[in-house]
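Q: Following is a predicted model, sequence given first.
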Amino acid sequence: MRGWHGLDDVPEDWGRSVVTIGVFDGVHRGHQQMVGRAVALAHTLGAASVAVTFEPHPDEVIRPGSHPPQLTQQRRRTELLGALGVDAVCVLPFTLAFSRMSPDEFVQTALVDRLHAAGVVVGENFRFGHKAAGDLETLRTLGEKYDFVAVGVPLVSDGEAISSTLVRERLAAGDVAAAAEALGRPHRVEGVVVRGQQRGRALGFPTANVESPPYTAIPADGVYAGWLQVTQSPSPHEGQRWPAAISIGTNPTFSGVERTVEAYALDRDDLDLYGAHVAVDFGLRLRDTLKFASIQALIDQMHADVDEARDFTAAESSAM
Ligand SMILES: Cc1cc2nc3c(=O)[nH]c(=O)nc-3n(C[C@H](O)[C@H](O)[C@H](O)COP(=O)(O)O)c2cc1C
Ligand SMILES: Nc1ncnc2c1ncn2[C@@H]1O[C@H](COP(=O)(O)OP(=O)(O)O)[C@@H](O)[C@H]1O
């Protein structure tokens, strides 16, 4: 799989492509269906498949301050798209100048001149170009002009129409199981392990405090069952993934103020994760964060949480 940053990275001698376009935040089941369609069409037409996406998030460029909670960092988005079988992912820097291109200009400069589009696959509700003037109909008309087939893929539903917005709403409500349903995998928060208040070990549950980039979509405060994985690290733990109990909140029992994401890898106390890049995958919400009257009451509850997390993750791994 090739990764291009900007149209100038596309090789001069690149052949014909089937292009699928979107922000693809989350690479959820709707996106997966769309990309699958593009890959299949590319095979039929004997063309390569290319996913075109944007960075930063277009909303932030058009209305500064409106960046939505981000479900996937760019690197992971590219990885997930690659895993769906596309031949290339092309990340276009989204600027104000770019946003002012008319639908025709965008199609001509990006899709036709550079990517030699034989097909363009988008979601049925896709809008593009200055002031979102272009839609699927526009794309069909431009397809006749520039000789490509335009395909609109219907929205996938799991009871509700799946969208990045729906996944964000489910996470904001703490319903990580419903978010996973729409994503087709657990929601992941990625970041670096930083030092906390050095309390965890004394409580009997050392927790990796994960500092994630701005805009990261963090589920609602609460206690969750899931997994902790070391994605990149100079440590011997690289690549390891453990069932985990996860806490998000300000640690009200200790009258904390800073909101943290902390993960305890079940039944381990021998890890050194400071500075490691980790991923926290959210499987199930266990309960609200509480302010306990005593530290012992918190510890007792944490034991119960850990038991529940162990049962949940064991059931998940036997289901796989
Ligand atoms: C499974 C689990 C459940 C937790 N539940 C709560 C809670 O309900 N209330 C609370 O104040 N802190 C809760 N915590 C957070 C602990 O207070 C926190 O891990 C501890 O203060 C360690 O912080 P430190 O990593 O900064 O040292 C929980 C932590 C875990 C791992
Ligand atoms: N089972 C475990 N799960 C998570 N982190 C662990 C575990 N065992 C050891 N650690 C290490 O201990 C640190 C957490 O210990 P803790 O006392 O909570 O300190 P801090 O307040 O800095 O988070 C983690 O950052 C990690 O390096």
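A: Happy to help now that I have it. Ligands and ions are numbered 1, 2, ... in the order given.
Q: can we go C-alpha only for contacts and neighbour counts from here?
A: OK.
Q: Tell me how far the nearest residue to F148 once chain neighbours are set aside lies from V192.
A: Distance criterion CA to CA, 6 or more residues apart in numbering; nearest residue to F148, sequence neighbours excluded, is A118 at 4.4 Å. Computed as CA to CA, to the nearest Å, the A118 to V192 distance reads 42 Å.
Q: can you check P186 too?
A: Taking CA to CA as the measure, P186 falls 19 Å from V192.
Q: Repeat that for A150.
A: Applying CA to CA, the value for A150 to V192 is 42 Å.
Q: Where does pLDDT dip in this protein?
A: Applying pLDDT under 70 to the chain picks out residues 320.
Q: Show me what from it comes close to ligand 1.
A: 196-200, 207, 209, 223, 245-247, 251-254, 263-264, 289-291, 302, 305 (CA under 6 Å from any ligand atom).
Q: How far off centre is the longest helix that the chain contains?
A: Longest helix of the chain, by residue count under DSSP state H: helix 295-319. What separates the centre of helix 295-319 from the centre of its chain is 26 Å, taken as CA atoms, centre = their mean, to the nearest Å.
Q: Could you list the domains of the chain?
A: Domain assignment for the chain by the TED database gives 2-153, 187-319.
Q: of all these, which lies closest to S164?
A: domain 2-153 (6.3 Å; CA to CA).
Q: and P213, helix, strand or coil?
A: coil (DSSP: H, G, I helix; E, B strand; the rest coil).
Q: what about the residue lying closest to it once chain neighbours are set aside, neighbour count?
A: Nearest residue to P213, sequence neighbours excluded (CA to CA, 6+ apart): G191, at 6.9 Å. Residues contacting G191 under the criterion other CA atoms under 10 Å number 21.
Q: Show me what the host helix or strand of G191 is packed up against.
A: According to DSSP states H and E, G191 maps onto strand 187-194. When contacts are defined as 3 or more CA pairs under 8 Å, 6 or more residues apart in numbering; DSSP states H and E, strand 187-194 sits against helix 176-183, strand 208-211, strand 277-287.
Q: okay, the angle between the helix or strand just after the second one and strand 187-194?
A: By that I understand strand 208-211. Downstream of strand 208-211, the first helix or strand assigned by DSSP H and E is strand 222-232. Per axes from the mean of the first three to the mean of the last three CA atoms, to 10 degrees, the angle that strand 222-232 makes with strand 187-194 is 70 degrees.
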